[in-house]
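Undergrad: Need a 3D model of the following:
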Amino acid sequence: MASTLKINTLTGVTTAGSIAVTAEGNSTTTNLQQGLAKAFVFGSNAASVADSFNVSGGTDNATGDYTYAYTNSMRAADVYSSPFTGSENNDTYAYTRSGAAASVRVDTLTNDGSNVDRAHSGTIHGDLA
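TA: As a prediction, this is how the structure comes out:
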């Protein structure tokens, strides 16, 4: 029998911000909050935000060099995962140049390592402040 659970808030019993979920295989648990993406951004070649979650805006620093500010900051600088990818051409890749608690800086480059203006996207995982 299928059922539907409708709620507005989930809170852990022992710790309000920690909910254990039975993982694949049914033998271990995983922390729900740790597994959620804390932000994502799809940015244009001028740091315009086409779609995002927890991103308040972008700054075009230079050719292929962008900074995105978080609406809600991460716990600390450079202690979160922020993989990015180029999304226009097969000859483009993107990487996180640096991560601050309140923003992430991203570069897009061609295969020869030259900065180039290209659309890009990324997801941020880690702890919010």
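
Undergrad: Show me where the chain has its helices.
TA: When assigned using DSSP state H, the helices of the chain occupy the ranges 32-35.

Undergrad: tell me the strands in it, going along the chain?
TA: For the chain, applying DSSP state E gives strands covering 20-22, 29-31, 39-43, 49-53, 55-62, 65-70, 84-86, 92-99, 103-110, 120-124.

Undergrad: where among those strands is the average confidence lowest?
TA: When the strands of the chain are compared by mean pLDDT, strand 29-31 comes last with a mean of 83.

Undergrad: which helices and strands sit right next to that strand?
TA: Contact here means 3 or more C-beta pairs under 8 Å, 6 or more residues apart in numbering; DSSP states H and E; on that basis strand 29-31 packs against strand 20-22. For every residue, glycine as well, the C-beta is placed using N, CA and C.

Undergrad: What sits closest to A101 if chain neighbours are left out?
TA: For A101, the nearest residue in space outside its immediate sequence neighbours is S73; the separation is 4.7 Å by C-beta to C-beta, 6 or more residues apart in numbering.

Undergrad: H120: neighbour count?
TA: The number of residues packed around H120, counting by other C-beta atoms under 10 Å, is 25.

Undergrad: Now do the contacts for it.
TA: F42, G43, Y66, F84, T85, G86, S87, T92, A94, V106, T108 (C-beta atoms under 8 Å, 6 or more residues apart in numbering).

Undergrad: Could you dump the residues you listed into TSV and include distance to G58 and neighbour count?
TA: Conversion of the contacts of H120 to TSV gives the following (distance: C-beta to C-beta, whole Å; neighbours: other C-beta atoms under 10 Å):
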residue	distance to G58	neighbour count
F42	10	15
G43	5	26
Y66	6	26
F84	12	23
T85	16	13
G86	15	22
S87	15	16
T92	17	20
A94	13	22
V106	9	27
T108	12	26
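
Undergrad: for these, which one is nearest D78?
TA: Distances from the contacts of H120 to D78 were compared by C-beta to C-beta; the smallest belongs to V106, at 13.9 Å.

Undergrad: Show me what stretch 48-58 is in contact with.
TA: By C-beta under 8 Å, 6+ apart, the residues outside stretch 48-58 that reach it are 37-44, 47, 66-72, 119, 124.
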